[in-house]
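Colleague: My questions concern the predicted model and sequence given below.
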Amino acid sequence: MRRIDPKLLEALQNKLKVGERRVYQLIQQRVAETHLDRHLAAIDLASDHDIAIAKYATPEDLATIRGGLPQVPPTSPPGDTAPKTRVVKSVEPLSLDLDFVSSSELGKILKRDVAELNAAYLRGVAKTPKTCMVLSGSIAEALLLDSLLQRKPDALASAATLTKKLRSNPEDWGLYEMVEVAMRMSPPLLPEDAEAGATQLRRWRNLIHPGRELKDSRNRRISPTAARARNAISFLELIAEQLGR
């Protein structure tokens with residue numbers, strides 16, 4: 001996954017007169033609306049606000065963005081029965097930057113899981129929603145675990161401030177505990193708006209358990225859907241981007 005150009009983020013903040021957190025929220029909304037990758041959604045958002053995007057976008061980026069926008073078919077003359085051309089939006093594989101991962105063991109797990117997530121994603125989230133949701137949560141947890149292990153003394157000091165007593169090995173923590181610790185560290189590993197997304201990823205990842213899926217479907221009306229799968233992937237991209245800074 002390509003990172004959003006920091007200068008583009010700054011340009012959006014200046015143009016919209018908002019902070020970085022709000023800009024990320026607007027980009028996330030654009031991702032949900034267009035299903036573009038995050039860096040492309042940022043470029044698309046900038047274009048809508050009359051920001052010159054030529055220095056931030058490649059010709060391929062612009063072609064992908066334009067290909068993802070609604071197409072208005074040309075009006076055919078009366079009596080013209082020529083078949084209409086169907087516009088098919090191409091789907092690019094997910095590309096997560098794993099260069100910051102230090103553990104060779106976690107690196108192997110992540111490469112395997114990202115490959116499996118891509119296999120499901122390229123088939124279409126409508127066909128593979130549960131796989132996309134579960135793997136997105138699992139990958140996010142592995143990325144966060146590696147980052148916490150890289151700063152283990154700081155992570156343990158942060159964990160000591162929590163009301164709930166955690167074990168001394170981050171490998172024994174759950175995703176929710178990892179997020180709590182990461183957000184309390186100085187500087188924090190994750191921004192405030194990552195908490196809600198991580199909570200959703202944890203719930204969706206737990207759908208791997210049949211009993212949990214039955215209960216959540218009955219009591220919380222949570223079930224695998226294409227929309228949830230797209231959101232899970234977007235949350236994963238957000239976490240990967242933040243940890244890779």
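Modeller: Noted; the coordinates are in hand.

Colleague: check contacts around Tyr121.
Modeller: Applying CB atoms under 8 Å, 6 or more residues apart in numbering to Tyr121 gives the contacts 91, 93-94, 128, 132, 233. Using the backbone N, CA and C atoms, a C-beta is placed for each residue, glycine as well.

Colleague: Run through the helices of the protein in chain order.
Modeller: Ranges of helices within the chain are 6-16, 20-34, 38-48, 59-68, 104-123, 129-150, 152-159, 175-184, 194-205, 210-215, 226-243, based on DSSP state H.

Colleague: Looking at the contacts of Tyr121, which two lie furthest apart in space?
Modeller: Pro93 and Thr128 (14.0 Å; CB to CB).

Colleague: The two: which is more packed in?
Modeller: Thr128 (19 against 12; other CB atoms under 10 Å).

Colleague: Quick check: closest non-adjacent residue to the more buried one.
Modeller: Ala120 (3.8 Å; CB to CB, 6 or more residues apart in numbering).

Colleague: same question, Glu116
Modeller: Nearest to Glu116 is Leu135, by CB to CB, 6+ apart, at 6.1 Å.

Colleague: So which helix or strand of the chain has the lowest pLDDT on average?
Modeller: Taking mean pLDDT, DSSP states H and E as the measure, the chain has helix 210-215 as its least confident helix or strand, at a mean of 67.

Colleague: low-confidence ranges in this structure?
Modeller: Scanning the chain for pLDDT under 70 picks out 1, 66-92, 209, 212-221.

Colleague: on that earlier part again, so what's the residue nearest to Glu116 up against?
Modeller: Contacts for Leu135 (CB under 8 Å, 6+ apart) come out as 113, 116-117, 120.

Colleague: Would you mind measuring from it to Tyr121?
Modeller: Remark: distance between Leu135 and Tyr121 (CB to CB, to the nearest Å) = 9 Å.

Colleague: can you count the residues close to the nearest residue to Ile208 once chain neighbours are set aside?
Modeller: Closest residue to Ile208 apart from its sequence neighbours, by CB to CB, 6+ apart: Val134 at 4.8 Å. Applying other CB under 10 Å, we find 23 other residues in the vicinity of Val134.

Colleague: Let me see the contact set for Val134.
Modeller: Here Val134 is in contact with 204-205, 207-208 (CB under 8 Å, 6+ apart).

Colleague: Neighbour-wise, which one of those leads?
Modeller: The most crowded member of those, judged by other CB under 10 Å, is Trp204 (24 neighbours).

Colleague: Am I right that that one is in contact with Ser138?
Modeller: No. In this structure, Trp204 is not within contact of Ser138 by CB atoms under 8 Å, at 10.3 Å.

Colleague: what about Ala63, how many neighbours?
Modeller: 12.

Colleague: how near is it to Ala57?
Modeller: Counting by CB to CB - Ala63 and Ala57 are separated by 10 Å.

Colleague: now swap in Lys7 and tell me
Modeller: Lys7 sits 12 Å away from Ala57, going by CB to CB.

Colleague: what's the domain layout of this protein?
Modeller: 6-68, 104-243 (automatic domain parsing).

Colleague: Could you dump those domains into CSV with distance to Leu98 added?
Modeller: Shown next, in CSV, are the domains of the chain (distance: least, CB to CB, whole Å):
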stretch, distance to Leu98
domain 6-68, 16
domain 104-243, 6
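
Colleague: Kind regards, and thank you for your time.
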